[in-house]
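Pasting a predicted model and its sequence here:
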Amino acid sequence: MVTAETADHPATLYIDLHLIHEVTSPQAFTELEQRGLPVRRPDKTLATIDHSTPTIINDDGSRPFITEQAKFQVEQLLLNTAKHGITTHSWDSPARGIVHVMGPEVGATQPGMTVVCGDSHTSTHGAFGCLAFGIGTTQVGHVLATQCLLMRKPKSMVIWVDGDIGDDVTAKDIILAIIAKIGVGGGTGHTLEYRGKCFDAMSMDERMTVCNMSIEAGARAGMIAPDATTVEYLRGRERVPSGEEFETLAADWLTLTSDESCHYDREVRLKAQDITPMVTYGTHPGMAMPIAANVPIASDEAEQKALAYMQLTGGKPIAGVSVDRVFIGSCTNSRMDDLRAAAAVMDGRTVKGGLIAIVVPGSEAIKKQAEAEGLDIIFEAAGAQWREPGCSMCIAMNGDMAAPGELVVSTSNRNFAGRQGPGARTVLASPATAAASAIAGVVASALDVGVTS
Amino acid sequence: MSIKPLKTVTSKTITLPAANIDTDQIIPARFLTVTTKNGLGKHAFNDWRYNDDGSETDHALNGDFAKACQIIVAGHNFGCGSSREHAPWALTDYGIRVVISTEIADIFRGNALKNGLLPIIIEKSAHQWLLDHPGEEITIDLERAEVRLPKNGGTYSFNIDAFSRHCLMEGVDEMGYLSAQDDAISQFEKTRA
């Protein structure tokens, strides 16, 4: 922190890592241009292209952008970053990918950092014990120009999940259960810390899934304290030092934990054994339920409207509802753990006829690793499409979208009305549940299609 | 660049009572491939306002009355979802200067303040009055941080930090304030090197 907050002024917070992409940065670069300001720390800025990028390549090697404007936006990012000397993982980079997949993969995200990006799912990086949050384009401009942000200290909320989780329960189910409990706006004004055995036992991929969706409870940031799992994930990555220097750094990272006796403004507890595979049934991520339960009866007009949009009936099961598309990907669930889980369900099975299933790896590195493990062959043999990395159907701005009225079981993070295309209906789920639903052609859990973990 | 100063606003209100109006409703993602801020007002609440063939729906936001309003009264947790600043850009371009709710999402709230759009979180009773009296002319006095309701509706104060209020009232943005801290930032960078 450069200066602390006072009654009159917010704090000036120094930013250690600024991630940028094509959608929320062009107007910020224009602002700098108009003011004649340089980028203060290109070395602390890292760019990629992910949101507007096609996930298929034409036979002639060209990329079919949805519009000329989308293509121009990507070109603009490449021009801006080249001009200002910002490292960019573009088409030719083996690290290109969804910004929140790429950052940790190259080791740019490290414990104790302040990390920002013009993207609300920047909370993902909190999995490494970072203070990481999404910002708007004006603030992207502030960070480009000054490497700082004006900020007031948020309140704190701890989410304890104690006990062991069931074999068929994934990180996605845990975070959906948390959001269902605290509500879609329950975390507003707070930074979340996830604590307890449940998170201790998770891989970094799983922790990123959890922290990623903190914003879906309204919390700008969510974090998990670094431990041996964090250190081992980062060891050997491109942007972390090696040898003695790494060990010194790692020892420092391991001190970044909350005191046992620390005070939180709010405390929430869930029991791991109470959590089962979850799906959403409404039009925001707080409307989540166990897949084996009946859709809750609407208690007000908003819920009635949401159920009507989803074409679901309160009091009836959600399992068995017909599915048109399945999307496996996004900054929530496109990492190796996710793809392995989906492949384990699809292996030797066939996607239901007429259903479109697409699998979109989070980055070029993940695509390469998945192909090395033969996951692409499993997906394609099952009848799913194996695509190029990007945000794809999560935000549906690159042309990957559902038709009006179609029901999509999606491993992404938002089920807002029209999010995956005008009139499209989204059911959020884990990769295992999404893959099972692709096989069954209806909303189904892995157990439902005969997969026992 | 400077923002449009806001001291008082007197306007009739548009009420959008649904809770959790997210940024995908305010401006759908397919309109985010722009590289400028201008002209997004026509796509504000696009999927509520237009049919698939591009014709206007009968949604109140398409009416002349709404288009003359500068104040939206929205349901709880307005602006949840993404960090897209295109949401306040779309609203201000449509003509909105003030959004009132019982809760406003953090990132949207911050983005609004940086674009001359005043986010007001108001107590439930005043919010209910506003929902029960759609279209009434009300006054927002930023200096006093008050919402004044007609017809004996009363006067309600709201919280806004002094810095944000100053920036909005004077139409100044934060870049100048941050840039003026250049020495302190350089000093800080030395300690971190």
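Ah, there it is.

switch to C-alpha atoms for all contacts and neighbour counts from now on
OK.

Surely B:N51 is in contact with B:T57?
Yes: applying C-alpha atoms under 8 Å as the test, B:N51 and B:T57 come out as touching, 6.0 Å apart.

who's more crowded, these two?
Between B:N51 and B:T57, B:T57 has the larger neighbour count (other C-alpha atoms under 10 Å in any protein chain shown), namely 16 against 12.

mind listing what the more buried one touches?
B:T57 makes contact with B:W48, B:R49, B:Y50, B:N51, according to C-alpha atoms under 8 Å, 6 or more residues apart in numbering or on different chains.

of those residues, buried ones?
Buried positions within the contacts of B:T57, assessed by neighbour count (16 or more other C-alpha atoms under 10 Å in any protein chain shown), are B:W48, B:R49, B:Y50.

May I see these arranged in JSON lines, with distance to A:S203 and secondary structure as well?
Shown next, in JSON lines, are these (distance: C-alpha to C-alpha, whole Å; DSSP: H, G, I helix; E, B strand; the rest coil):
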{"residue": "B:W48", "distance to A:S203": "41", "secondary structure": "helix"}
{"residue": "B:R49", "distance to A:S203": "44", "secondary structure": "helix"}
{"residue": "B:Y50", "distance to A:S203": "45", "secondary structure": "strand"}
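
how much space between the closest residue to chain B within the stretch 351-453 of chain A and A:S52?
Nearest residue of the stretch 351-453 of chain A to chain B (C-alpha to the nearest C-alpha) works out as A:M397 at 4.6 Å. Using C-alpha to C-alpha, to the nearest Å, A:M397 is found at 6 Å from A:S52.

and A:H121, how far is that from A:D347?
Taking C-alpha to C-alpha, one finds A:H121 at 31 Å from A:D347.

Looking at those two, which one has more neighbours?
A:H121 (29 against 16).

secondary structure class for B:V34?
Recorded secondary structure, B:V34: coil (DSSP: H, G, I helix; E, B strand; the rest coil).

Tell me if the helix ranked longest in chain B is near chain A.
Using DSSP state H to define each element, chain B has its longest helix at helix B:182-192. Yes: if you take C-alpha under 8 Å from any C-alpha of the partner chain as the test, helix B:182-192 does meet chain A, through B:D182, B:A184, B:I185, B:F188.

Tell me if I'm right that the second one and A:A4 touch.
It refers to B:A184. No: at 11.8 Å, B:A184 does not count as touching A:A4 under the criterion of C-alpha under 8 Å.

The lengthiest strand in chain B and chain A, are they touching?
What stands out as the longest strand in chain B, according to DSSP state E, is strand B:8-16. No: Strand B:8-16 lies apart from chain A when judged by C-alpha under 8 Å from any C-alpha; the minimum separation is 11.9 Å.

Quick one: classify A:A434 as helix, strand or coil.
A:A434 - assigned by three-state DSSP - is helix.

so the closest residue in space to A:A435 that isn't next to it in sequence, which of the three states?
Nearest residue to A:A435, sequence neighbours excluded (C-alpha to C-alpha, 6 or more residues apart in numbering or on different chains): A:A342, at 5.3 Å. Three-state assignment for A:A342 (three-state DSSP): helix.

correct me, but A:A342 touches A:A438?
No: with contact taken as C-alpha under 8 Å, A:A342 and A:A438 are classed as non-touching, separated by 10.1 Å.

Who has more neighbours out of these two?
Comparing A:A342 with A:A438 by neighbour count (other C-alpha under 10 Å), the higher total belongs to A:A438, at 33 against 24.

Now that one: which helix or strand?
Following DSSP states H and E, one finds A:A438 within helix A:431-440.

ditto for B:V147
Counting by DSSP H and E, B:V147 is part of strand B:146-149.

What are the contacting residues of the longest strand of chain B?
For strand B:8-16, contacts defined as C-alpha under 8 Å, 6+ apart pick out B:61, B:66, B:69-75, B:97, B:130-131, B:134-143.

List the contacts of the residue of the stretch 351-453 of chain A closest to chain B.
A:H51, A:S52, B:A29, B:R30, B:F31, B:L32, B:T33.

Please apply the same query to A:L46.
A:L46 touches A:L17, A:H18, A:L19, A:I20, A:I86, A:T87, A:T88, counting by C-alpha under 8 Å, 6+ apart.

and the strand holding B:V147, which strands flank it?
Strand B:146-149 pairs in its sheet with strand B:137-141 (antiparallel), strand B:154-157 (antiparallel), by DSSP bridges.

Out of the ones you listed, indicate the one that is most buried.
Ranked by mean neighbour count, these are led by strand B:137-141 with a mean of 18 (mean count of other C-alpha atoms under 10 Å in any protein chain shown).

how close does A:G348 sit to chain B?
Separation of A:G348 from chain B (C-alpha to the nearest C-alpha, to the nearest Å) stands at 36 Å.

burial count for that residue?
Other residues near A:G348 come to 11 when the count uses other C-alpha under 10 Å.

Can you verify my assumption that it contacts A:A382?
Yes: the pair A:G348 / A:A382 is scored as a contact, 6.9 Å apart, by C-alpha under 8 Å.

Now do the same for A:V74: helix, strand or coil?
Classified using three-state DSSP, A:V74 is helix.

For it, which residues are in contact?
A:V74 sits next to A:E22, A:I49, A:S52, A:T53 when contact means C-alpha under 8 Å, 6+ apart.

With A:P290 instead?
The contact partners of A:P290, by C-alpha under 8 Å, 6+ apart, come to A:I275, A:T276, A:P277, A:M278, A:V279.

run the last query once more with 7 Å
Counting by C-alpha atoms under 7 Å, 6 or more residues apart in numbering or on different chains, A:P290 touches A:T276, A:P277, A:M278, A:V279.

out of the residues you listed, who's nearest A:G390?
Using C-alpha to C-alpha, the shortest approach to A:G390 within the contacts of A:P290 belongs to A:V279, at 23.3 Å.

All good on my end, thank you.
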